[in-house]
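> Please find the sequence and the predicted model below.
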Amino acid sequence: MKDDTESKRIIRRVGQESEATMATRIRRHMSGADADPDDWVEIWGTRIGRVLSVVLAAVLVWWLIDFIRTL
């Protein structure tokens, strides 16, 4: 009986971490859905900050690859 419970827990966890669920979570995160819906400044500030962080991460990865390639 304990193995059944453990198996169901693992299957539920895998379902929660599936690609579709992760894509939805990322989309909600980047759109600022967790910000106060009554405060448009907070929503747009959250969106801008999160997009800038992704852009900065991409630039840093590009810089690192370029730096390693020139060694």
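That came in fine, so what should we check first? Residues are numbered from 1 along each chain as shown.
> Select the longest helix from this protein.
Using DSSP state H to define each element, the chain has its longest helix at helix 40-69.
> helix or strand for the spatially most central residue of the chain, which one?
Centroid-nearest residue in the chain, with Cα atoms, centre = their mean: residue 26, separated by 4.0 Å. Per DSSP states H and E: residue 26 is located in helix 19-31.
> Next, the angle from that helix to helix 40-69.
With axes from the mean of the first three to the mean of the last three Cα atoms, to 10 degrees applied, the angle from helix 19-31 to helix 40-69 works out at 110 degrees.
> low-confidence ranges in this structure?
1, 19-20 (pLDDT under 70).
> what about 80?
1-3, 14-23 (pLDDT under 80).
> count of residues packed around the nearest residue to residue 51 once chain neighbours are set aside?
Nearest non-adjacent residue to residue 51, counting by Cβ to Cβ, 6 or more residues apart in numbering: residue 30, 7.0 Å away. (Glycine included, C-beta is placed from N, CA and C.) Look at residue 30: counted by other Cβ atoms under 10 Å, it has 14 neighbours.
> related to what we said a few turns ago, can you show me the CA trace of the helix holding residue 26 as CSV?
Extracted in CSV, the C-alpha atoms of helix 19-31 (Å, rounded to 0.1, in the frame of the first residue of the first chain):
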residue,chain,number,x,y,z
GLU,A,19,6.7,21.0,-20.2
ALA,A,20,3.2,22.4,-20.7
THR,A,21,2.9,23.3,-17.1
MET,A,22,6.4,24.8,-17.0
ALA,A,23,5.7,26.9,-20.1
THR,A,24,2.5,28.2,-18.5
ARG,A,25,4.3,29.1,-15.3
ILE,A,26,7.1,30.9,-17.3
ARG,A,27,4.5,32.8,-19.3
ARG,A,28,2.6,33.9,-16.2
HIS,A,29,5.9,34.9,-14.5
MET,A,30,7.1,36.9,-17.4
SER,A,31,3.8,38.7,-17.8
